[in-house]
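Undergrad: have a look at this prediction, sequence included:
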Amino acid sequence: MDTTKALLFFLFNFLFVEYSFAQLCSDSSCRKGEPMIRFPFQLQNLQHKSCGYPGFNLSCDASNQTVLELPNSGQFTVQGIDYQMQHIWLNDPDSCLPKRLLTLNLSGSPFSGYFYQNFAFFNCAFDYTKYKLNPIGCLSGQSYTVFASSSVRAISFLESRCNLISSVAVPVQWTFAEPVATSDLSEDILLSWGTPQCGRCESRGARCGLKSNSSTDTVCSHVSRRGLPRGARYAIIAGAGVPALLFLVGFLCCLCSKVKRFTRRHLPIVDPASSAAVAPQILITTGGLDSSIIQSYPKTILGESRRLPNPNDSICSICLSEYKPKETLRSIPECQHSFHAECVDQWLRLKASCPVCRNSPDSKCTSIDIQDS
C-alpha cells in the first residue's frame with residue numbers, strides 16, 4: 001500500500017509539473033485589450049523564462065500596460081505585435097514620444113526600424129499661429145515652441161527663424177512621398193526583428209519555440225485547439241501518459257486478481273427449492289461431484305425451437321434466466337431437470353444433488369450431446 005501511495009504521489013506531481021509548464025508557456029497578456037504575448041516574447045512573472053527568446057522580455061507596469069525595455073533607451077509601452085510580419089509598435093508611457101525620439105538608441109536590442117524618415121527638430125520663438133504648423137505640445141513652453149519636420153520647404157522656412165535642436169531618423173510606420181510641413185510625432189513607432197525567424201511558421205498557423213533550453217535554435221510546431229504545440233502534447237503524453245498507463249494496467253491486474261479470489265471463496269448460489277430463491281445466499285459445503293462426473297452428464301445445445309427434454313423447464317432454476325437459442329444446457333439423467341451448463345456445473349461441484357428435486361444424480365451415466373433442430 002505504501003508503494004502504491006508513493007507511486008500515486010509521484011504521478012500526481014509529475015502531471016502537475018507538466019501541466020503547469022504548459023500553462024506558463026501558453027499565450028498571455030497583462031490585461032484585457034493588451035497585446036497577446038507568445039514566443040519569441042516572454043512576459044515576466046506570467047510566463048517561464050524558457051518560453052521566450054533572449055532579448056524579448058516584456059513586463060506589465062503598474063497600470064497593467066505591456067512594457068518593453070530597450071537596453072539604451074528605457075521603457076516603451078507595447079501597442080501591438082504582428083508575429084507573422086515580425087513587427088512591434090511602441091509608444092511612450094508618459095505620452096511624449098518626440099522627447100524619447102531625440103535620444104532613441106536601438107543598439108543592444110534585437111529590434112530595428114522598418115521605415116525610417118529624417119526629421120529636423122526646431123526651437124522657435126515666433127508666432128506660428130498665422131502659419132499652418134503643427135507644434136509638439138509636450139516639448140513646448142510659454143515662450144517657445146518646438147516643431148519637427150521632414151519637408152524640405154518647411155525645414156528651409158524654419159531654419160531662417162528658429163534654432164535647430166537635432167536631426168533624427170525616426171522609425172515611422174510609413175514614409176510620405178510629400179511630407180507634411182510639421183508633425184507632432186505622436187503616432188506609434190514601428191520596429192521589426194530579424195531573429196528568430198518565425199514569421200513563416202506563424203503564417204502557417206503554427207507556433208515557434210525553442211528547440212531546447214540549452215540552445216537558441218527554434219522549432220515550428222502545429223497547434224491544437226487548446227493552444228499547446230504538438231511537440232508539447234507529445235512530450236506530455238510520453239512523459240506522463242506512459243507511466244500513468246503502466247500504473248493503470250498494474251492496478252487493474254491487481255484488482256482483477258483480488259476479485260477472482262474473493263469470488264471463488266464467496267460465490268452466491270441460488271437455491272430454487274428455497275422460499276428465498278430470489279435472494280442469493282452463500283452456500284458453504286463440501287461433498288460435491290468430481291468434474292469428470294459432471295462432464296459425463298448430457299448436454300443440449302438449444303436451437304431456435306428451444307426444445308428441451310422436459311418441456312416445462314423454460315427457465316434455469318439456478319440463475320432464474322430464460323433459455324435462449326444457441327445456449328448450452330446440461331441435464332441431470334435421473335430426474336431430467338435441465339439447467340444452464342455453467343450454472344449446474346458450478347452447483348454440482350458444491351452439492352451432489354439436483355437443485356430442484358434434491359435427488360442425488362447417478363454418477364454412472366454416459367455423456368450425450370444433443371443438437372436441437
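TA: Perfect, thanks for sending it.
Undergrad: okay, now the domains of the chain?
TA: Structural domains annotated on the chain: 27-227, 268-373, as defined by automatic domain parsing.
Undergrad: mean pLDDT lowest where, among those domains?
TA: Note on the domains of the chain: domain 268-373 shows the lowest mean pLDDT, a mean of 71.
Undergrad: that older thread, any chance of a markdown table for the domains of the chain, columns distance to residue 256 and mean neighbour count?
TA: Heads up, the C-betas are built off the backbone N, CA and C, glycines and all. Shown next, in a markdown table, are the domains of the chain (distance: least, C-beta to C-beta, whole Å; neighbours: other C-beta atoms under 10 Å):
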| stretch | distance to residue 256 | mean neighbour count |
| --- | --- | --- |
| domain 27-227 | 35 | 16 |
| domain 268-373 | 19 | 15 |
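Undergrad: what's the helix or strand for residue 158?
TA: Using DSSP states H and E, residue 158 maps to helix 152-159.
Undergrad: sorry, wrong one. I was asking about residue 53.
TA: Assigned by DSSP H and E, residue 53 falls within no helix or strand.
Undergrad: what sits against it?
TA: Residue 53 makes contacts with 39, 40, 41, 42, 110, 195, 196, 210, 216, 218, as judged by C-beta atoms under 8 Å, 6 or more residues apart in numbering.
Undergrad: and the residue nearest to the third one when sequence neighbours are not counted, how far is that from residue 250?
TA: Taking C-beta to C-beta, 6 or more residues apart in numbering, and ignoring the residues beside it in sequence, residue 41 has residue 56 as its nearest neighbour in space, at 4.6 Å. Computed as C-beta to C-beta, to the nearest Å, the residue 56 to residue 250 distance reads 45 Å.
Undergrad: may I have stretch 110-127 as PDB, with CA atoms only?
TA: The C-alpha atoms that make up stretch 110-127 are tabulated as PDB, following Å, rounded to 0.1, in the frame of the first residue of the first chain:
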ATOM      1  CA  PRO A 110      17.200  42.800 -31.400                       C
ATOM      2  CA  PHE A 111      15.000  45.500 -33.000                       C
ATOM      3  CA  SER A 112      15.400  48.000 -35.800                       C
ATOM      4  CA  GLY A 113      13.200  50.400 -37.600                       C
ATOM      5  CA  TYR A 114      11.300  49.100 -40.600                       C
ATOM      6  CA  PHE A 115      10.800  52.500 -42.200                       C
ATOM      7  CA  TYR A 116      13.000  55.500 -41.400                       C
ATOM      8  CA  GLN A 117      12.300  59.100 -42.100                       C
ATOM      9  CA  ASN A 118      14.600  62.000 -41.200                       C
ATOM     10  CA  PHE A 119      13.000  64.700 -39.000                       C
ATOM     11  CA  ALA A 120      14.600  68.100 -38.000                       C
ATOM     12  CA  PHE A 121      13.600  69.500 -34.600                       C
ATOM     13  CA  PHE A 122      13.500  73.300 -34.200                       C
ATOM     14  CA  ASN A 123      13.000  75.500 -31.200                       C
ATOM     15  CA  CYS A 124      11.100  78.600 -32.300                       C
ATOM     16  CA  ALA A 125      10.000  81.900 -30.600                       C
ATOM     17  CA  PHE A 126       7.900  83.400 -33.400                       C
ATOM     18  CA  ASP A 127       4.100  83.500 -33.600                       C
END
